[in-house]
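1. predicted structure and sequence below. I'll ask about it afterward.
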Amino acid sequence: MDKKKEGSFLSIISKSMRDTIDLIRSITAQGGSITMIQFEGVAKTYQSGKQEIHALNGIDLTVETGEIYGVIGFSGAGKSSLIRTVNLLERPSSGRVLIQGKDISTLSSKEIRTIRKDIGMIFQHFNLLNSKTVYHNVAMPLLLAKTPKADIEKQVKDLLDFVGLGDQAQKYPDQLSGGQKQRIGIARALATNPSVLLCDEATSALDPQTTKSILDLLRKINKEYNITILLITHEMGVIREICDKVAVLEAGKVIEQGSVFDIFSNPQQPTTKRFVRSVMNDELPESLLAQIQDAKSDNAIYRLQFTGNSVGKPFMSHVSRDFKVDLNVLFGNITELQGIPYGNLIVEFSGEPNEIKRALSSIRDSNIHIEEVNNYVS
Amino acid sequence: MSVNYEQILEALWETIYMTGAAFGFSLLIGFPLGILLVVTRKGHLLENEAVSKMLNIVINIFRSVPFIILMVAIIPLTRLIVGTSIGTAAAIVPLVFYAGPYIARLIENSLLEVDKGVIEAAQAMGASPMQIIFRFLIPEALSSLVLALTIAVVGLIGASAMAGAIGGGGLGDLAITYGYQRFDTLVMFITVAILVVLVQGVQSLGNVLSRTVRRS
């Protein structure tokens, strides 16, 4: 065996070993179920003239099967590069993307085309063929796969019914509204029966009402077909509405990630806080803030956060009965995150410092998170 | 009038024949070249800098030579292909060299108008480069392609009139030999009028065709 052959032989062995290890790792990590998408140190660098632009700087993310995973960031954060590394519309400069444990960067272009049929994608601007009917647009992936005509007819009809456009088959995209166009995009993406759906700012060009109906449809797809969804957006409302997990992207890095509930109830990074505030207003109104500062009162102001079952407890009446303190609610709201109620109150405590201390510790005991906000201005 | 109607009809036929044949061959050459110009561009389906650069240089060379000079310059080649350098058939050769690169450019322009997002969607659904060209790029650009090719036909009618200079026949030839050189104003007027009608007709046909293929 000559040197060259030996080398290639070894490299094949080591490659297949690496693949097997990846597969085993992805299975064991999930107690049996396979991780759908895994980003490992994914970086992307563009050459723009003499300047190097680092769109992605070492992304590590794991999207489990059946999840709806949201990536949020301001424009230019690298979201759109990130989502495109999953179906190799963009190739990472370094790092790996594993789909069901398989490193896709090693695939041939034919294999890439095959794997792309298992990854549906929808776009902000829909990207439909304007010269073709709704029917033809949805049939396109099946035509490409050379599916028999009778099967195509049946499948397209089912898909159009599923997205609620069964009666629009013979129309052209420019005769439809934005929401309807996105529904066609979704039907088209589902035509090849994919395991993953990538949503590239899918609702960013739509009004709030339509956005909601499209998000409902995506949730339905996730639940009924168990399709894993990876979406990118700059709207925190989208994340709150349908995502299970979220990652915040800034300057090509993941600065924070976790369950939607954790991120919304306890954001750490300034950017994350800004995103959370954009949909969950928990700030004191300006006028009230001014009033408090003017009064220069020694009264303590606290932010109380309730989650889950602590929301239902009548703690205020308990506290004012059991301790010599007066409570004055300055601000409050309750929302729901992933089906769990989440409340936020800003309360002014007045009374003896000792009594306030005791009152606070009693509140803490009933699983309510407390945070002093006297220095709220900053 | 120094010519009869039969001569005019024959000249009209020669013009139509020259234009039609030249258009057909030019399309055969120009269409694939136009597609190649697009897909070998940077960041496109089959990015290939060498092919792209070479094509651009060659096409630009042909596009920069004035037709009347091109016609004379390729006489040896014309003789090689059709066996003679005079006559209607001989005029078709330089017309193809003139219109082929021109059509390539027009087709490049039309195909570049197709939304990048559509190509991206095609790639995302696993389409091969050939499928993208024939099932996405061309159908989406078809309406604009028809208009572009109409421009090419009108250009060819104009160029074919110049082919009279090498004895190519046609309405242009008639206008020069009888109208201009023998001072027959009526012949000049009639031939120009026929050319005007011809061009108007071609343009109208192109417009209608473009509208009907917008949705296929």
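-> Received it, and whenever you're ready, just let me know what you need.

2. residues in contact with the helix or strand of chain B with the lowest mean pLDDT?
-> None of the helices or strands of chain B scores lower by mean pLDDT, DSSP states H and E than helix B:171-174, at a mean of 87. Here helix B:171-174 makes contact (Cβ atoms under 8 Å, 6 or more residues apart in numbering or on different chains) with B:3, B:7-8, B:11-12, B:14-15, B:160-164, B:167, B:187, B:191, B:194-195. (C-beta placed from N, C-alpha, C; glycine too.)

3. and the gap between A:Pro208 and A:Leu215?
-> According to Cβ to Cβ, to the nearest Å, A:Pro208 stands 10 Å off from A:Leu215.

4. neighbour count winner among those two?
-> Neighbour totals were compared for A:Pro208 and A:Leu215, and A:Leu215 leads with 21 against 9 (other Cβ atoms under 10 Å in any protein chain shown).

5. the helix ranked longest in chain B and chain A, are they touching?
-> Longest helix in chain B by number of residues, with DSSP state H as the criterion: helix B:5-39. No: Helix B:5-39 does not reach chain A (Cβ under 8 Å from any Cβ of the partner chain); its nearest approach is 14.5 Å.

6. next SSE after the least confident helix or strand of chain B?
-> Next in sequence after helix B:171-174, counting helices and strands by DSSP states H and E, comes helix B:185-213.

7. buried residues, that following helix. List them.
-> Across helix B:185-213, burial judged by 16 or more other Cβ atoms under 10 Å in any protein chain shown covers B:187-188, B:190-191, B:194-195, B:198, B:202, B:206, B:209-210.

8. looking at those, spot the one nearest chain A.
-> In terms of Cβ to the nearest Cβ, no member of the buried residues of helix B:185-213 lies closer to chain A than B:Ser210, at 11.7 Å.

9. check contacts around the residue nearest to that closest one when sequence neighbours are not counted.
-> In this structure, B:Ser210 finds its nearest non-sequential neighbour in B:Val146, 4.1 Å apart by Cβ to Cβ, 6 or more residues apart in numbering or on different chains. Contact analysis of B:Val146 by Cβ under 8 Å, 6+ apart lists B:206, B:209-210, B:213.

10. turn these into TSV, columns for distance to A:Ile119.
-> Below are the contacts of B:Val146 laid out as TSV (distance: Cβ to Cβ, whole Å):
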residue	distance to A:Ile119
B:Gly206	41
B:Leu209	39
B:Ser210	36
B:Val213	33
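
11. report the lowest-confidence entry in these.
-> Least confident entry in the contacts of B:Val146, by pLDDT: B:Val213, with 92.

12. ok, that one to chain A distance?
-> 8 Å (Cβ to the nearest Cβ, to the nearest Å).

13. do I have it right that that residue meets B:Ala141?
-> No: with contacts counted by Cβ atoms under 8 Å, B:Val213 stays clear of B:Ala141, the gap being 10.2 Å.

14. so which strand or helix has the spatially most central residue of chain A?
-> The geometric centre of chain A, computed from its C-alpha atoms, lies nearest to A:Gly70 (Cα atoms, centre = their mean), at 0.9 Å. Element membership for A:Gly70 (DSSP H and E) is strand A:68-72.

15. which parts of chain B sit against chain A?
-> Near chain A, when you scan chain B using Cβ under 8 Å from any Cβ, you find B:115, B:117-118, B:120-121, B:123-128, B:131, B:135-136, B:139-140, B:142-143, B:213-216.

16. among these, the buried ones, what's the ChimeraX command?
-> To isolate the buried members of the residues of chain B next to chain A in ChimeraX, using 16+ other Cβ under 10 Å:
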select /B:115,118,120,121,123,124,125,126,127,128,131,135,136,139,140,142,143
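
17. pLDDT wise, what is the closest residue in space to A:Ser195 that isn't next to it in sequence at?
-> Nearest residue to A:Ser195 in three dimensions, chain neighbours excluded: A:Asp118, at 5.3 Å (Cβ to Cβ, 6+ apart). Per-residue confidence (pLDDT) for A:Asp118: 96.

18. ramachandran coordinates for A:Asp118?
-> Dihedral angles of A:Asp118 (phi, psi; degrees, to the nearest 10) stand at phi -100, psi 0.

19. ok, it - contacts?
-> Residues in contact with A:Asp118 (Cβ under 8 Å, 6+ apart) are A:99, A:192, A:194-196.

20. ok, residue 144 - how many residues close by?
-> You didn't pick a chain, so chain A it is. That count, for A:Leu144 with other Cβ under 10 Å as the rule, works out to 21.

21. could you do chain B instead?
-> 20.

22. over to A:Arg240?
-> Applying other Cβ under 10 Å, we find 22 residues neighbouring A:Arg240.

23. then A:Leu128?
-> Neighbour count for A:Leu128, taken as other Cβ under 10 Å: 27.

24. regarding it, what is its secondary structure?
-> What DSSP: H, G, I helix; E, B strand; the rest coil gives for A:Leu128 is coil.

25. ok, now the one 10 residues further on?
-> Following three-state DSSP, we place A:Val138 in the helix state.

26. hmm, A:Asp158 and it touching each other?
-> No: judged on Cβ under 8 Å, A:Val138 makes no contact with A:Asp158 at a distance of 10.0 Å.

27. and those two? Which one has more around it.
-> A:Val138 (29 against 13).

28. for stretch B:156-169, the averaged confidence score.
-> The pLDDT scores in stretch B:156-169 average 83.

29. which bits of the stretch 51-200 of chain A sit near chain B?
-> A:87, A:89, A:112-117, A:119-121, A:123, A:125-133, A:140-141, A:143-145, A:172, A:188-189, A:192, A:198.

30. rerun that using 6 Å as the cut-off
-> A:87, A:113, A:116-117, A:121, A:123, A:125, A:127, A:129, A:131, A:141, A:144, A:172 (Cβ under 6 Å from any Cβ of the partner chain).

31. which one of those residues is nearest A:Lys220?
-> Lowest distance from A:Lys220 to these (Cβ to Cβ) belongs to A:Met121, with 18.1 Å.

32. show the contacting residues for the closest one.
-> A:Met121 sits next to A:189, A:198, B:124 when contact means Cβ atoms under 6 Å, 6 or more residues apart in numbering or on different chains.

33. got JSON lines for these, with secondary structure and distance to A:Gly237 too?
-> Formatted as JSON lines, those follow (DSSP: H, G, I helix; E, B strand; the rest coil; distance: Cβ to Cβ, whole Å):
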{"residue": "A:Ala189", "secondary structure": "helix", "distance to A:Gly237": "22"}
{"residue": "A:Leu198", "secondary structure": "strand", "distance to A:Gly237": "20"}
{"residue": "B:Ala124", "secondary structure": "helix", "distance to A:Gly237": "26"}
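
34. can you lay out the residues you listed as CSV showing pLDDT?
-> Shown next, in CSV, are those (pLDDT from 0 to 100):
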residue, pLDDT
A:Ala189, 98
A:Leu198, 98
B:Ala124, 97
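
35. want to try a markdown table for these, with distance to A:Ile59 as columns?
-> Output for the contacts of A:Met121, formatted as a markdown table (distance: Cβ to Cβ, whole Å):
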| residue | distance to A:Ile59 |
| --- | --- |
| A:Ala189 | 23 |
| A:Leu198 | 15 |
| B:Ala124 | 20 |
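
36. quick one: name whatever helix or strand follows the helix or strand hosting A:Gln257.
-> Using DSSP H and E, A:Gln257 falls within strand A:253-259. Downstream of strand A:253-259, the next assigned helix or strand under DSSP H and E is helix A:260-265.

37. what residues of stretch A:207-227 count as buried?
-> A:210-212, A:214-215, A:217-218, A:221-222, A:227.

38. the residues you listed in helices, which ones?
-> In helices, defined here by DSSP H, the members of the buried residues of stretch A:207-227 are A:210-212, A:214-215, A:217-218, A:221-222.
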